[in-house]
Structure formats: structure tokens, C-alpha cells
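Asker: attaching a predicted model along with its sequence, questions to come.
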Amino acid sequence: MLCAVLESDSRNVAAAQTGTGSATILHQTSQAVLAGLFAYDFKVTSIMAHRFLTCICCLVLASTFATAGDAQDFVRLQNWAEWRGPLRTGVAPFADPPVEWNEKKNIRWKVQMPGLGHSSPIVWQDSVFLTTAVPYGPQLDPVPVTAPGAHDNVAVTQKHRFVVICINRTDGTIRWQTVVNDILPHEGGHDTGSLASASPITDGQRVYAHFGSYGLYALNFDGRLLWKRDPGKMQSKHAHGEGSSPSFHNGTLVINADHEGQSFIEAIDAATGITKWKRNRAEVTSWTSPLIVEDGTRAQVVMAGTDRVRAYDLETGDVLWKCGGLSANVVATPVAADGILIAASSYDTRAMLAINMNGAVGDITGSEHLLWSTTQRTPYVPSMLLVEEQVYCLRHYQNILSRRHIRTGAESAGPFRLSGIQDIYASPVAAKGRIYITDLNGRTLVFTHDDQPEYLALNPLDDSFAATPALVGQELFLRGRQFLYCVANSDISDVPQKHE
């Protein structure tokens, strides 16, 4: 059990509840079978031997796929193409990153990044992509802040270049930096935010970067701009900025544009940048990202919101169902598995909803499709982590961790007070039966995904982290205010070679 570092905090818990748990990460039988093929010791002393074994395993795995689509899905599972990972749950099914690190241990490389951005890095094969906003030029009079209730805002006194960056995964060298916009921002955002908080996403052919009011861009893997979109100027609540990341599925990008003007959700053809559909939303500002869920017959785009959580048909944009119950200022992105969606918020009120999406039609608020709800210890800034049928969440952005069964809401253990970390904006991630939580003070707590979690390590670095880590292969990528780190065991190298 996690004695001093992860203390069980059972105050205000009415009764002990039971649930299920397991040390394995994978929640689908097919993934578990595939993962079993990787069950050998990666800590080999010879890099060449490691790569040889990896190639053999990949050949065996590739032979199990019946179609090209299956093979593409497998490749996607091995990478971190979007900010919540290949399963959109925070889990990396094939990753096995280090447990321990510091500035002098298990840091393969550390690279200073230009400008400022809280967008999470994404990884595809041998490339790491991220975005940033770089102030430049003479100091100007501050841009007036006109938003009602504005507070704790960053003054805009310089023009900014909005930049997409590609980094060599092997050694951290910058391959290219493409400036996609050059403008004087109309608002600076909250003093804990950035002008590049939305994470990029890739389909393995192109990388898509979303800067909200400052544009949506598609680039090829050589950094050439393919198309761009101007969504128009948005006014965020309290002028606290924008930060919703795009989602992607089967050639379609989806963006959220909830703000204090006319909010909307838009589906865009990823190859051309042409709108497929656009729907206005009766919503105020949110910072949550679209979640695309497949139910076997169609893909649904789930968007959380203050008025309603809504599901849109990905092909048509029609609203399939909606459910009320969240608060204002929705930030956390929902998670889903096996037809069950978990959405949550924590601002003026606290709420977490478990929704059975199977057969849901129309307004399901208060119906039997609402499996359970709670107002206790719900997340504000960091999104939830879904491992098997257990959903992990942090109270607000504090170091109180809860774990609930997605079908019942039961807590088999906890809540837990996470000693050693505090002020958590990055979302939790998981791999190899381990949970990783990183705070603004540069520390990452690692513990097991067990019925009774066990403390493994507390890892400090000399930076501040608001971006969610990316887990790929034997590596963990951490993007701070100043640096991008590649955390990897010193005797392991499994970076794929670039495909020409």
C-alpha cells in the first residue's frame, strides 16, 4: 500500500464500497493478446538485440491483422497521436516508460523550446510535434481587456508568431519550425495559461495544429503548410484564453468553439480543410475537447458543455442525444469505454455523470441512461484517466485522487491524498500497470494500478509542467514551460527509423 506518499483519505466517505481491479492496463481482449507478445524484458544491455527482438515481435503482430485498416490501427496504438493517447483515455497500451528519473538520471535529451505553450507533445514514429507562441518585436501599449469579470490576465504587449515544431525523437534536434501565423493577439489569457494550449493531432500523414482564434492549420511531415482555416475571433470568458484540442477520426477533424459569442462545433475534411458540417451550440465558454466514440454502427462526437453534454453524428452533425448536469467552465474532456461515457466538471458546482450511450436518443437528462452521478471530488483542469473499468480523477486541480468503477461509481479504495505533488494541470496517464501524475512544480508521482495502489517513485525536474505527458515505446515526453524532455532508460533505444 502507498503509505506516506499516497495516503488513503477516507474522510466523508459514507461506506466502504467494492469494485474490481487488475494490474493490467488493457481493457480489450484483443489488445491483451497483442500486449502479451511484448512480455519480455526490455532492459537488455545491447541496443541492437533490443531492436532485433522488437522487429521480430512487430512482424509476428503484423501477420495477425486481416486488413490494412487493422494494421493502421495497430500502428496508431503504438504511437501518441493526440493529447489523450491512442485510446483517448490517457492509456498507452504498448508503452513501458521509466519509473524513475531526475535531471541526472534517465534523461535521453532535454531541449529548450522557444516561446511558451502548454500544448502536449504528440509522437508519431521518429517525430515529436508540438506548438508554441513566440512574442517578438517592440513593446506596445497593452491590448485593452474588455471581457466582463476579467482577472489574473496576461497583458498583450507584443506581436506573436504561432509556430508548429517537429523534433527528432532520437536526439532532440529540431527538424523544422513553421510559422503559421503572425499577429497581435486580442487577449492574453489567464496567467497560468498560454496562447498555444491546444495540442496538435496527427493521422500519420499530416499534423494539424489548432490555435483557436488564431487559426487551424494542416502541415505535412516536412513542415509545409497544406491548408489553413480562420475560425474567427472568439471572446473567452474573463478573457482567460482558449485551449480546446481538435479530434480526428476517419479523415474528419472536429473542433470545439465554445465562447462568449455564438458557440459552434465544426467537422472539417482533414485532407482539404473544407467544412463538412457546422452546428451552432447554446453554450458558453468551455475548454474541453471533442471525444469521438465508435458504437459499432456509427461514430459519435461527444461534446461536454454547461447546458448539456451532447453527442453528434460524425457524418451528419445531427444531435443524437443530450444530457444536462455539468457546471460552468467545463475544462475536463470526457472518457468512454464499452458504451459508457464519464463527463465531469468543477467550478461553481461539482458534477460527474456516468451515461449509458447505448440506445440513447433525445434528451436523456434524469433518465435511466444516467447510470450514476456524484458531486464529490470532481475534476476541473485535468481530465480523467480511464484504465480498464476504473476512472481516475483529481479533485479540482488538487492532489486528492479518486477512483470509481465506471458502471457503478463504486470506490473500491481511497480517496487518496497524493503527498509530494500539488497544483496539477496535466492530465494523468498510464502504461504497463502504472499511473503517472505530473504537477506544476516539476514532479511526477508514479504508482501502481492495483486494488491497493503502491507507491513507486516521485521524480523531480527543473521545470514547471502544465502539459500532459506522452508515452511511447520505452519513453515518456514531458513538455515544460522551458524545456521538452525525453525520459528513457539509459540502456534502451527503440526509436523507429524515419520512413521515406
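Answerer: Structure's in. What do you need?
Asker: mind listing residues that contact the strand or helix carrying Leu445?
Answerer: For Leu445, the host element (DSSP states H and E) is strand 443-448. Contacts of strand 443-448 from elsewhere in the structure, counted by C-beta atoms under 8 Å, 6 or more residues apart in numbering, are 2, 5-6, 23, 99-101, 418, 420-421, 433-439, 453-461, 465, 469, 478. Quick note: C-beta positions are derived from backbone N, CA and C, even for glycine.
Asker: helix or strand next in line after that strand, which one?
Answerer: strand 455-460.
Asker: list the buried residues of that next one.
Answerer: Tyr455, Leu456, Ala457, Leu458, Asn459 (16 or more other C-beta atoms under 10 Å).
Asker: how about stretch 217-224?
Answerer: Tyr217, Ala218, Leu219, Phe221.
Asker: now the residues you listed as a markdown table including secondary structure and distance to Phe248?
Answerer: Output for those, formatted as a markdown table (DSSP: H, G, I helix; E, B strand; the rest coil; distance: C-beta to C-beta, whole Å):
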| residue | secondary structure | distance to Phe248 |
| --- | --- | --- |
| Tyr217 | strand | 14 |
| Ala218 | strand | 11 |
| Leu219 | strand | 14 |
| Phe221 | coil | 15 |
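Asker: let me know the closest of those to Thr275.
Answerer: In terms of C-beta to C-beta, no member of the buried residues of stretch 217-224 lies closer to Thr275 than Ala218, at 13.8 Å.
Asker: any idea how far that closest one is from Leu225?
Answerer: 7 Å (C-beta to C-beta, to the nearest Å).
Asker: quick one, what contacts Cys486?
Answerer: Ile107, Arg108, Trp109, Lys110, Val128, Arg169, Gly172, Glu475, Leu476, Phe477.
Asker: from those, pick the one nearest Ile342.
Answerer: Leu476 (24.7 Å).
Asker: OK, contacts around the residue lying closest to that closest one once chain neighbours are set aside?
Answerer: Counting by C-beta to C-beta, 6 or more residues apart in numbering, Leu476 lies nearest to Pro97, which is 3.8 Å off, once chain neighbours are set aside. The contact partners of Pro97, taken as C-beta under 8 Å, 6+ apart, are Ala431, Lys432, Tyr436, Leu471, Gln474, Glu475, Leu476, Val487, Ala488.
Asker: show me where pLDDT drops low in the chain?
Answerer: Residue ranges of the chain with pLDDT under 70: 1-69, 491-500.
Asker: try 90
Answerer: For the chain, the stretches flagged by pLDDT under 90 are 1-74, 231, 295-297, 348, 412, 490-500.
Asker: how about the helices in it?
Answerer: For the chain, the helices defined by DSSP state H occupy 29-36, 47-62, 68-78.
Asker: spit out the contact partners of Gly204.
Answerer: Gln72, Val75, Arg76, Asn79, Ala81, Trp124.
Asker: Thr178 now?
Answerer: Val163, Val164, Ile165, Leu219, Gly223, Arg224, Leu225.
Asker: and the second one, bridged to which residues?
Answerer: The partner list for Val164 in beta bridges (DSSP bridges) reads Thr131, Thr178.
Asker: perfect, that will be all.
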